[in-house]
Structures are given as C-alpha cells and as structure tokens.
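Peer 1: kindly generate the corresponding structure for this input.
(one chain, ligands or ions: 1)
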Amino acid sequence: MASLASFSTISSSSAARLSSLRNSSSNSFVLTKSSPNSIKLLSTPPRQYKRLVLKAKANSVIDAPTTSYINDVSDSPKVLLEVKDLTAKIADSGEQILKGVNLVIYEGEIHAIMGKNGSGKSTFSKVLVGHPDYEVTGGTVLFKGENLLDMEPEERSLAGLFMSFQSPVEIPGVSNSDFLNMAYNARRKKLGFPELGPLEFYDYISRRLKIVNMDTNFLNRNVNEGFSGGEKKRNEILQLAVLGADLAILDEIDSGLDVDALQDVGEAVNELLTPQKSVLMVTHYQRLLDIIKPKFVHIMEDGKIVKTGDISIAVQLEKEGYKGISS
Ligand SMILES: Nc1ncnc2c1ncn2[C@@H]1O[C@H](COP(=O)(O)OP(=O)(O)OP(=O)(O)O)[C@@H](O)[C@H]1O
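Peer 2: Below is the predicted model of the structure:
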C-alpha cells in the first residue's frame, strides 16, 4: 500500500473506485505493473506472497507493522539492500537511464544520493519500488536477501519498502483518514495482525500526526487535494509514520519546504528511526543532511554512482558545485 499511496500514476477513476471500496474491509487493493492506473482487488493473496518469508513484529497491538528476517538472532548488522550493476530503461521509449548502479545499505544506515538534475536519482528510487514506467534490463537487487525485482510493487511495500515521491499524487474523493486507515489495515491484514476499528485507528493516527506536527484537519481533507507543496511532503511523511518501513526512500522531501517545515519533517523522520531502520534520501542540499545525518553520501552521474563518501561531499558540493566533485 505504500506504493499505492505514492504512485503518481493513480487516476481519479481509480480513486473513485478506491472510494467505493471503503467498506470492503475483507479485501485489499493494490496497483499492479500490468494495470498501473487501476486498483486491483485481491480477495486471495497472490502466489508470490507465499514465497515471501515475512515475520511480523510489533511491540504492541497498535503499532506500525513491519517485518524482519526470520529466525534472526545475531546482533551483527545485516545487509538490507544490495544493488549490483542495476540497469534500467524507460518502458515506453526504451531510453536507458540507469547504467550500472551499485549500492549496499545495511540495517540502520542512512544514505543520501545527490547528483545533477537528470542524473537518474528519481529513476533509481522508482525502479526500487517497482514503478511501471521503467523496465529493468540488467543487474540484481536483493532486499533482506530476497530478489526484489521478482516482487510486485505491493509485495515490496509489504516487505518493508516505502517511497515518498517528489511529486505526491492527489486522490480526489478519498479522505486522508480513510485512505490511511485502509492502507494501514490492508498492511496489517497481510502481515497477520487484526485490523483496527475506527476508534483504535483514530487513537493511533493522532499520535502519528503529532510526530509530523500536522493538524487533525488534514485527516478530513481529500488525499493531497489542494495541499500546498510543503503540506504534501509532510503528508508523505505521515504515510511513512502510519505504515512503517524498514527502508524509507525519500525523494527530495526537502523541496518546497520552508525552514520550519524542513526542520519538522527532518525531525519526524529522525523520530521514526530505530537502530534497524534505514533511509535512502535523494536531495540536492546539505541543509536536509544537517538534520537527518547520513553515514554515506553518494554522487550519481549519468545513471551510475560515481563517488561515495561522508557528509564532507555535501559540504564541498554546497561550496563548489559539481565541478569541485571529481569522481
Ligand atoms: N517516465 C519517464 N519518461 C521520460 N523520461 C524520463 C522518465 N523518467 C525519467 N526520465 C528521464 O530520465 C532522466 C533521469 O531522470 P530522473 O528524474 O531520474 O533524474 P533526477 O536525477 O532525479 O533529476 P532531478 O534532480 O532533476 O530530480 C531525465 O532525463 C528524465 O527526463
């Protein structure tokens, strides 16, 4: 559902159908690669779910559901995401955008990707969540040891991947609270938890709203409809706070935010972090990295990561621009 929450290809007719599914709590709904503009009802779990070894863990009944490795008793940090020589093209035009991306993220690590406009940062992020605009042409991606590229977008979400998009989608006719409630319950159901009733959910989401510093009025408004740029970004982080994720991919969450909102959003992300949770941020500016502090900063150029270092890369970039960053 995180992928549904974020896919910008969702159409208003899909939203209307989503709206009509409000009381259909026995079903979950997903966007699929084959029909990215429609919402598909799943009355039975697809074959692939059986393949997924998901062990739900939650500290309390009312918590953001998440997953972890099964039978995992060791304390040593584990590889969460391993990307090897990933290449991908635009499905429609066939234009190759990713030209061999390599990246390893361990549990609990924060990574940032920077790079000139058009270097492929968003494409990389969207390929990871299975966006249908792109076709993988080579390489491998393992998420918690499973072949991520083999999973449908909703499976990736259930496995613990979340992406907040650069341009969050509006869903007319569907209130934010209904949307989050459905998304959250669909996720709980798939992970084997009982669904939350409206009162329990209201209690849960009220606490999440506080983390993001959002007014409860936003729950009654249609998803992102009429939201300012900054409010949309905050709403994306609310979705992350509600749904939970082991790896949150944040694509330019700092764009369009005023200084106070940037601080709020950055602090909200920090508050959601645990020693196991990881973040992959795409940004152009050091200011976000001063709040959500990355262990590694990568520079992407022409569809590849050409340089990796620490925050000093971002500091240098701020001072000298990309001409000062030699690969
Ligand atoms: N769906 C698409 N259709 C056509 N072209 C696309 C599509 N997605 C990406 N591209 C092209 O691929 C290239 C990389 O785009 P991408 O959005 O990944 O860059 P970026 O590094 O995120 O840029 P920015 O910093 O400006 O957000 C660009 O030239 C873009 O126009």
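Peer 1: A helix includes Leu257, no?
Peer 2: No - under DSSP: H, G, I helix; E, B strand; the rest coil, Leu257 sits outside any helix and is assigned coil.
Peer 1: now do the same for it: its pLDDT.
Peer 2: The model reports Leu257 with a pLDDT of 90.
Peer 1: please name the nearest non-neighbouring residue to it.
Peer 2: Gly230 (4.9 Å; CB to CB, 6 or more residues apart in numbering). Placement of C-beta: from N, CA and C, glycine included.
Peer 1: what is the burial count for that neighbour?
Peer 2: Counted by other CB atoms under 10 Å, the residues lying close to Gly230 total 18.
Peer 1: please apply the same query to Asp290.
Peer 2: 14.
Peer 1: give me the pLDDT value at it.
Peer 2: At Asp290, pLDDT is 94.
Peer 1: could you do Leu86 as well?
Peer 2: So Leu86 comes in at 98 (pLDDT).
Peer 1: partners of it in the sheet?
Peer 2: Val101 (DSSP bridges).
Peer 1: which residues touch it?
Peer 2: In this structure, Leu86 makes contact with Leu98, Gly100, Val101, Asn102, Phe124, Val127, Val136, Gly138, Gly139, Thr140, Val141, judged by CB atoms under 8 Å, 6 or more residues apart in numbering.
Peer 1: from these, which land in strands?
Peer 2: Judged by DSSP state E, strands contain the following of the contacts of Leu86: Leu98, Gly100, Val101, Asn102, Val136, Gly138, Gly139, Thr140, Val141.
Peer 1: how about those in a markdown table, adding neighbour count?
Peer 2: Below are these laid out as a markdown table (neighbours: other CB atoms under 10 Å):
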| residue | neighbour count |
| --- | --- |
| Leu98 | 24 |
| Gly100 | 15 |
| Val101 | 24 |
| Asn102 | 14 |
| Val136 | 16 |
| Gly138 | 14 |
| Gly139 | 17 |
| Thr140 | 13 |
| Val141 | 21 |
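Peer 1: got a markdown table for those residues, with pLDDT too?
Peer 2: Shown next, in a markdown table, are those (pLDDT from 0 to 100):
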| residue | pLDDT |
| --- | --- |
| Leu98 | 98 |
| Gly100 | 98 |
| Val101 | 98 |
| Asn102 | 98 |
| Val136 | 98 |
| Gly138 | 98 |
| Gly139 | 98 |
| Thr140 | 98 |
| Val141 | 98 |
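Peer 1: tell me which two of those sit farthest apart.
Peer 2: Maximum pairwise distance in the ones in strands among the contacts of Leu86, criterion CB to CB, is 14.5 Å, between Asn102 and Val136.
Peer 1: thinking again about what came up before, so what's the residue nearest to Leu257 up against?
Peer 2: By CB under 8 Å, 6+ apart, the neighbours of Gly230 are Gly256, Leu257, Asp258, Ala261.
Peer 1: now the host helix or strand of it: average pLDDT?
Peer 2: Per DSSP states H and E, Gly230 falls inside helix 229-243. What helix 229-243 shows for mean pLDDT is 91.
Peer 1: buried residues, that helix. List them.
Peer 2: By 16 or more other CB atoms under 10 Å, the buried positions in helix 229-243 come out as 230-243.
Peer 1: can you tell me which of the contacts of Leu86 is nearest the ligand?
Peer 2: Distance to the ligand across the contacts of Leu86 (CB to the nearest ligand atom) is lowest for Phe124, with 6.7 Å.
Peer 1: convert stretch 183-197 to CSV, retaining C-alpha atoms only.
Peer 2: Coordinates of each C-alpha in stretch 183-197 appear next as CSV, following Å, rounded to 0.1, in the frame of the first residue of the first chain:
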residue,chain,number,x,y,z
ALA,A,183,-3.8,1.3,3.7
TYR,A,184,-2.8,0.5,7.3
ASN,A,185,-5.4,-2.2,7.7
ALA,A,186,-4.6,-3.8,4.4
ARG,A,187,-1.0,-3.9,5.6
ARG,A,188,-1.8,-5.3,9.0
LYS,A,189,-4.0,-7.9,7.5
LYS,A,190,-1.4,-9.1,5.1
LEU,A,191,1.1,-9.3,8.0
GLY,A,192,-1.3,-11.4,10.0
PHE,A,193,-2.5,-8.7,12.5
PRO,A,194,-6.1,-8.0,13.2
GLU,A,195,-7.5,-4.8,11.5
LEU,A,196,-8.0,-1.7,13.7
GLY,A,197,-11.5,-0.3,14.2
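Peer 1: any idea whether the nearest residue to Asn185 once chain neighbours are set aside is helix, strand or coil?
Peer 2: Computed as CB to CB, 6+ apart, the closest residue to Asn185 that is not its neighbour in sequence is Glu195, at 4.1 Å. Judged by three-state DSSP, the three-state class of Glu195 is coil.
Peer 1: so Glu195 makes contact with Arg187?
Peer 2: No - here Glu195 lies out of contact with Arg187, judged by CB atoms under 8 Å, at a distance of 9.8 Å.
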